[in-house]
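K.L.:
fold the following.
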Amino acid sequence: MNLKNIPKVELHLHLDGSVRLDTASMLTGKSIEEVRSLMIAKEKCHDLNEYLTKFNLANEIMQSQENLTRIAKELVEDLKNDNVIYAEVRFAPLLHTKKGLTGEEVIEAVLLGLKDEDLKVNLILCMMRQFSFEDNLKTIELAIKYLDKGVVAIDLAGAEALYPTANFERLFQIAKDNNISFTIHAGEADGKDSILSAINFKTKRIGHGVRCIEDKETLDMINKNNITLEVCPTSNIQTDIFENYHDHPIRKLYDMNILVTINVDNMTVSNIDLTQEYEKLVKNFNFTLKDFKKMNINAINASFLKEELKEKYREIINLKTNE
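P.N.:
Numbers count the residues shown, from 1 in each chain. Okay, the predicted model is just below:
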């Protein structure tokens, strides 16, 4: 099984968690070794909050349009090298306005970098749990402005256990009122209550969501509502949700017919690409080519693409995963 050649779909990928080390070194003047220590998380962090500190250096250098465009362009190159055929990349535009850029300038710089003839990449704008209501509302307004111009949805990211998902109901109602699609980080650092809040907001996708395994009612709700999980196994081990890869519930969830997709979360912070993630799944859970095909079809079905484009990508996956 040539895992590199599998046509892959990536739904859960953070731009600021995927900055190339050599680019960060060049832009900061720091050595590769220092950059590596600042940007790559340990195999086992104390928790999600420790893992999130590895974004700090990237966010420092992502404060100019030139740097934002370069970093986005390089990420597209890395995705193409991993045989990704469609991706949704997410980031919080307001994190990149510290040196005077407007939210619009930030988004336009990233969209310029993501534009590529051979790989379609859409953008998801993240609200942040630690932000004020007003700032998160600005993110929704930016999504409205750039909807169908490269932006396809919003998300809620950040320290989940410190800022409960239930607190953000009004913002997601505003998004729904304006026909903005969304996904929500839930069931990562926090448990079933976070997931149930996300379901209550009528999300059709959940970032991570793996702690649903702790509660049968939550599993039943995910199944009943056809909610797709954006699962990031290596990241989940690093943030100490599970002790090791073998303990990860992805196989159980898949065997329960939960709509599972495979994602890396952060190429640099987690020091991994999708091919390497697939290798771990084969080694630990005996996933097969047929399984990867199904999970990539799940991903396309759950993507924020228009239906006619979904059909195009389903055909590519069905044709080329058999080779």
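
K.L.:
find the nearest non-adjacent residue to residue 171, please.
P.N.:
Spatial nearest neighbour of residue 171, chain neighbours left out: residue 136 (5.4 Å); criterion: CB to CB, 6 or more residues apart in numbering. Where you see a C-beta, it was placed from the backbone N, CA and C, and this is true even at glycine.

K.L.:
let me know whether the one you found touches residue 126 as I believe.
P.N.:
No - assessed by CB atoms under 8 Å, residue 136 is found out of contact with residue 126, at 9.4 Å.

K.L.:
mind listing what the residue nearest to residue 171 touches?
P.N.:
127-128, 168, 171 (CB atoms under 8 Å, 6 or more residues apart in numbering).

K.L.:
what's the answer for residue 285, then?
P.N.:
Per CB under 8 Å, 6+ apart, neighbours of residue 285: 250-251.

K.L.:
now the phi/psi pair for it, please.
P.N.:
With angles defined as degrees, to the nearest 10, residue 285 sits at phi -130, psi 0.

K.L.:
what's the answer for residue 155, then?
P.N.:
Note on residue 155: backbone dihedrals following degrees, to the nearest 10 are phi -140, psi 170.

K.L.:
quick one: it and residue 42, what's the gap?
P.N.:
Residue 155 sits at a distance of 25 Å from residue 42 (criterion: CB to CB, to the nearest Å).

K.L.:
then residue 8?
P.N.:
The gap separating residue 8 from residue 42 is 26 Å, by CB to CB.

K.L.:
next: residue 152.
P.N.:
33 Å.

K.L.:
which of the two has more neighbours?
P.N.:
Ranked by neighbour count (other CB atoms under 10 Å), residue 152 and residue 42 place residue 152 first, with 21 against 11.

K.L.:
please name the nearest non-neighbouring residue to that one.
P.N.:
Once flanking residues are discounted, residue 152 sits nearest to residue 304: 3.7 Å by CB to CB, 6+ apart.

K.L.:
residues near that neighbour, how many?
P.N.:
Counted with other CB under 10 Å, residues neighbouring residue 304 total 18.

K.L.:
what pLDDT does it get?
P.N.:
At residue 304, the pLDDT value in this model is 98.

K.L.:
picking up where we left off before, between the contacts of residue 136, which sits nearest residue 94?
P.N.:
residue 128 (7.5 Å; CB to CB).

K.L.:
on the three-state scheme, residue 95 is what?
P.N.:
What DSSP: H, G, I helix; E, B strand; the rest coil gives for residue 95 is helix.

K.L.:
so the nearest residue to it once chain neighbours are set aside is in which element?
P.N.:
The spatial neighbour of residue 95 that comes closest, neighbours along the chain excluded (CB to CB, 6+ apart), is residue 59 at 5.5 Å. Here residue 59, judged by DSSP states H and E, is contained in helix 56-61.

K.L.:
in that helix, what counts as buried?
P.N.:
Neighbour counts over helix 56-61 (16 or more other CB atoms under 10 Å) mark 57-58, 61 as buried.

K.L.:
most widely separated two among the contacts of residue 136?
P.N.:
128 and 171 (11.2 Å).

K.L.:
give me the common contacts of these two.
P.N.:
Shared contacts of residue 128 and residue 171, counting by CB under 8 Å, 6+ apart, come down to 136, 156.

K.L.:
buried sites along the longest helix along the chain?
P.N.:
Secondary structure of the chain per DSSP state H: the longest helix is helix 65-81. Neighbour counts using 16+ other CB under 10 Å place 65, 67-76, 79 of helix 65-81 among the buried residues.

K.L.:
CA atoms only: put the lowest-mean-pLDDT helix or strand in the chain into PDB for me.
P.N.:
Ranked by mean pLDDT, DSSP states H and E, the weakest helix or strand in the chain is helix 48-52, scoring a mean of 85. Output of helix 48-52 as PDB, limited to C-alpha atoms (Å, rounded to 0.1, in the frame of the first residue of the first chain):
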ATOM      1  CA  LEU A  48      -3.600  21.600  25.200                       C
ATOM      2  CA  ASN A  49      -2.600  25.000  26.800                       C
ATOM      3  CA  GLU A  50       1.100  23.900  26.700                       C
ATOM      4  CA  TYR A  51       0.700  22.800  23.100                       C
ATOM      5  CA  LEU A  52      -0.800  26.100  22.100                       C
END
